[in-house]
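Q: generate coordinates for the sequence data below:
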Amino acid sequence: MSMPERGKCKRALKAAFPHTIPIFAGFWFLGMTYGIYMNVSGFPFWYPMIMSLTIFAGSVEFVAVNLLLGAFNPLQAFAMTLMINARHLFYGLSMLDEYRGNGWKDFYLIFGMCDESFSINYTAEIPEGIDKGWFMFFVTLLNHFYWFFGASLGGIFGSLIHFNTEGLDFVMTAMFVVIFMEQWMKEKNHVSSAAGLGITLLCLIAFGADSFIIPAMLAILGVLMLLRKPMEKWEGKP
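A: Predicted structure coming up:
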């Protein structure tokens, strides 16, 4: 790597790191919980280490514990993984333009895109002079490392720690509330945010807590596509 490229990397890392600090707190606690859960389920410490490094999908990793303990059923595992992570299809559509043209980094950006990395990379105001591709790469890499670090610690020290971990997953909920409020404060108008909240609430009532996410995302995508041109006029875009 040339000296100018190294300089771009360092500047991008310094710019990306502050955005990921709240993610570190959430991922560290939740990753520890996952590692401890794997440990008490009878798996050695290297299971959560490898799974957090190669799967990097928190919800699926928790579900995978029961899949590994049950009968071998790859079709069930595939269907459950697709259902749980179907929301990433919509994330991917939103990031098509953002991820285009970053060379080899695009492969890792696609693999490592999680809810938190998507939220930062989609909404962050990247400082002038910072390479966008490297910024998004380091956001993704740092978040991946935080999850791997927490899961590994939980797997290693799980047998030595005895406390009730119930409720730790609320850390991630609180973090998304903060991200949403920051985005709300940056918006010139709140039509898209209000539509998202309203549609999500209606789908929650109609489909229940276990099945509302995919219908809500489909409805939000449809409504935002219909409102795209009016919203651009309201924001003064040509």
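Q: dump stretch 78-96 to CSV, restricted to CA.
A: What follows is the C-alpha trace of stretch 78-96 in CSV, where atoms were taken according to Å, rounded to 0.1, in the frame of the first residue of the first chain:
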residue,chain,number,x,y,z
PHE,A,78,-31.6,-22.0,5.6
ALA,A,79,-35.3,-21.0,5.8
MET,A,80,-34.9,-19.7,9.3
THR,A,81,-31.8,-17.7,8.5
LEU,A,82,-33.5,-16.2,5.4
MET,A,83,-36.6,-15.2,7.4
ILE,A,84,-34.6,-13.7,10.3
ASN,A,85,-32.3,-11.7,8.0
ALA,A,86,-34.7,-10.8,5.2
ARG,A,87,-34.5,-7.2,6.3
HIS,A,88,-31.0,-7.1,4.8
LEU,A,89,-32.5,-7.4,1.3
PHE,A,90,-33.9,-3.9,1.9
TYR,A,91,-30.7,-2.6,3.4
GLY,A,92,-28.9,-3.9,0.3
LEU,A,93,-31.2,-2.1,-2.1
SER,A,94,-30.7,1.2,-0.1
MET,A,95,-26.9,0.8,-0.3
LEU,A,96,-26.6,-0.1,-4.0
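Q: got a list of contacts for that stretch?
A: If you take C-beta atoms under 8 Å, 6 or more residues apart in numbering as the criterion, stretch 78-96 is touched by 57, 59-60, 63, 67, 109-110, 113, 115, 118, 121-122, 213-214, 217, 221. Yep, even glycine has a C-beta here, placed from its N, CA and C like the rest.
Q: in the chain, which helix has the most residues?
A: The helix spanning the most residues in the chain, taking DSSP state H as the definition, is helix 3-40.
Q: could you give me the average pLDDT of it?
A: The average pLDDT within helix 3-40 is 86.
Q: same question for stretch 184-204.
A: The average of the pLDDT scores along stretch 184-204 is 82.
Q: now find how far off-centre it is within its chain.
A: Between the mean C-alpha location of stretch 184-204 and the chain-wide mean there is a distance of 19 Å, by C-alpha atoms, centre = their mean, to the nearest Å.
Q: tell me which helix or strand in this structure has the weakest average pLDDT.
A: helix 170-186 (a mean of 67; mean pLDDT, DSSP states H and E).
Q: ok, which stretches of this structure are helices?
A: 3-40, 46-54, 58-69, 74-84, 87-94, 105-111, 115-123, 132-157, 170-186, 191-207, 213-234.
Q: can you list the domains in this protein?
A: 3-171, 187-238 (automatic domain parsing).
Q: rank those by pLDDT, which is bottom?
A: Note on the domains of the chain: domain 187-238 shows the lowest mean pLDDT, a mean of 78.
Q: having no further points to raise, I will conclude here.
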